[in-house]
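Participant: Any chance you can model this:
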Amino acid sequence: MRPVAQLLHNKFVVVLGDSIQRSVYKDLVLILQRDSYLSLSQLKNKGEFSFEQDCLVEGGRLGQMNNGTAYREVRQYRTDHHLVRFYFVTQVFSRYMESILADFEQGIKPDLVIVNSCVWDISRYSRQWASEYKENLNKFFRKLKAVLPEESLVVWNMTMPLGKKIVGGFLVPEIQHMGPTLRFDVIEANYFGATLANNFGFDVLDLHFQFRFSLQHRMHDGVHWNSVAHRKITCLILEHVAQAWGVELPKLDQINADTHPPLRENHSWQTATSSAPARHQGSYSNQRCFYPPVMPATNYNNGPVWTQGQRMRQFSGFGSQYSSDDLPPHLTGYQSFEREAFYRGAYNAAPYWPVNNLVMKQKRRKPQKRQRQHPYRY
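Facilitator: Predicted structure coming up:
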């Protein structure tokens, strides 16, 4: 889609996080090429050698596929004027995260960083996760702000709502007892992440709030989301980025009559999606309209303590460690813009353009059965 390509023209975009963030990266790569949704197989696949003309740089099928914290995956999509990179991380600050930040410090600086790390942090390293998670968030934000230039835009994605029942590869046998309370732990962790990100001057995108009434688009595993939800996430991110960079983009409720029919439901996505007012590049202004949520009073951190680095039994047929912070060997170098110079100058604002509003289509209600009337009742 041309306006998206124009907004990210000559920009280096980095996506950091778990499998949800991987799908954020994939949908962004897809929308830079054509107006279509991710397929179910594209959402489920991980570590593939190539996705929509991108390349696997490290980890994934180049290494060992597993469900442990030692799993690594670095992907990259590169054209003459676009560079998008994804790092799979399971902890917001670790030796591996330090190596990623070292890449930014020594190499090309990203213009946009879209980051989230929460669910793995609060479930895979320690049952008493709160203090360690807050400390790691402080370390990460402090290091990130020291490494990146002021004109770089950092967007912290708050974790999306989890289901009451979580199944699938993420909830390994060692943490199955956490399933019923993990959705409440996410709310508490979101408070920590959003508040600290705001205190450090970074932008916050509250996806938990945005999708609280769109649970019909969550997968049956209780963690992941379908392609319609991820297209909505992409629209929210692009709207946020355009507002921060002072670029005009179309409104989300406009309809692309050429490719998509209008929605029957009277549904509008004209909600506050940005935690910061429009500002020029180079400003880390902390004056924004972000109000952190009320801290939940209930503490769900109960149970045995797990120490970081503790080895657990093998699971799901994989032989990886339950918790590991080892650095993977660098298998190949990153690619950059080779055929044309990489300019970071100003660009023209993208014009208004019609887009589809098939985002978060509401679930149809089943028709209620009519009650049989009494023959003598009027």
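Participant: Packing partners of the host helix or strand of F184?
Facilitator: Using DSSP states H and E, F184 maps to helix 179-199. When contacts are defined as 3 or more Cβ pairs under 8 Å, 6 or more residues apart in numbering; DSSP states H and E, helix 179-199 packs onto helix 130-147, strand 153-157, strand 203-205, helix 207-210. C-beta coordinates here come from the backbone N, C-alpha and C atoms, glycine included.
Participant: how about CSV for those, with mean pLDDT added?
Facilitator: Shown next, in CSV, are the helices and strands packed on helix 179-199 (pLDDT from 0 to 100):
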stretch, mean pLDDT
helix 130-147, 97
strand 153-157, 98
strand 203-205, 97
helix 207-210, 96
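Participant: what angle sits between the helix holding F184 and strand 153-157?
Facilitator: Note on geometry: by axes from the mean of the first three to the mean of the last three Cα atoms, to 10 degrees, helix 179-199 and strand 153-157 are set 160 degrees apart in direction.
Participant: looking only at pLDDT, what's the mean for helix 179-199?
Facilitator: Average pLDDT, helix 179-199: 93.
Participant: so which of the helices and strands packed on helix 179-199 gets nearest R2?
Facilitator: strand 153-157 (21.3 Å; Cβ to Cβ).
Participant: got the CA coordinates for the closest one in CSV?
Facilitator: Taking Å, rounded to 0.1, in the frame of the first residue of the first chain, the C-alpha atoms of strand 153-157 are listed here in CSV:
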residue,chain,number,x,y,z
LEU,A,153,10.5,6.8,18.0
VAL,A,154,9.9,4.1,20.5
VAL,A,155,6.4,2.6,20.9
TRP,A,156,5.7,0.3,23.8
ASN,A,157,2.9,-2.1,23.0
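Participant: which ones are touching D27?
Facilitator: L38, S227, H230, R231, I233, T234 (Cβ atoms under 8 Å, 6 or more residues apart in numbering).
Participant: What of A189?
Facilitator: Contacts of A189 by Cβ under 8 Å, 6+ apart are C118, D121, I122, W129, A130, Y133, T159.
Participant: now swap in L238 and tell me
Facilitator: Taking Cβ under 8 Å, 6+ apart, we find L238 in contact with V4, L7, L249.
Participant: where does it sit relative to N190, distance-wise?
Facilitator: 22 Å (Cβ to Cβ, to the nearest Å).
Participant: just F104 next, same as before
Facilitator: Remark: distance between F104 and N190 (Cβ to Cβ) = 25 Å.
Participant: who has more neighbours, the two?
Facilitator: N190 (25 against 19; other Cβ atoms under 10 Å).
Participant: Surely that one is in contact with H208?
Facilitator: Yes - judged on Cβ atoms under 8 Å, N190 makes contact with H208 at a distance of 5.6 Å.
Participant: Between those two, which contacts overlap?
Facilitator: Both N190 and H208 are contacted by M158, T159, under the criterion Cβ under 8 Å, 6+ apart.
Participant: which intervals of the chain have sub-threshold pLDDT?
Facilitator: Scanning the chain for pLDDT under 70 picks out 1, 168-171, 251-378.
Participant: Run through the helices of it in chain order.
Facilitator: Using DSSP state H, the helices of the chain run over residues 2-7, 19-31, 40-44, 95-106, 130-147, 179-199, 207-210, 227-245.
Participant: Compare those helices and give me the one nearest E73.
Facilitator: Nearest to E73, of all the helices of the chain, is helix 19-31, at 7.4 Å by Cβ to Cβ.
Participant: between the closest one and helix 227-245, how many degrees?
Facilitator: Calculated by the same axes, to 10 degrees, helix 19-31 forms an angle of 80 degrees with helix 227-245.
Participant: any idea how far W129 is from the residue nearest to E58 when sequence neighbours are not counted?
Facilitator: Once flanking residues are discounted, E58 sits nearest to V74: 4.0 Å by Cβ to Cβ, 6 or more residues apart in numbering. The gap separating V74 from W129 is 26 Å, by Cβ to Cβ.
Participant: can you check Q91 too?
Facilitator: 11 Å.
Participant: One more: E151?
Facilitator: 34 Å.
Participant: For those two, indicate the residue with more neighbours.
Facilitator: Neighbour totals were compared for E151 and W129, and W129 leads with 22 against 14 (other Cβ under 10 Å).
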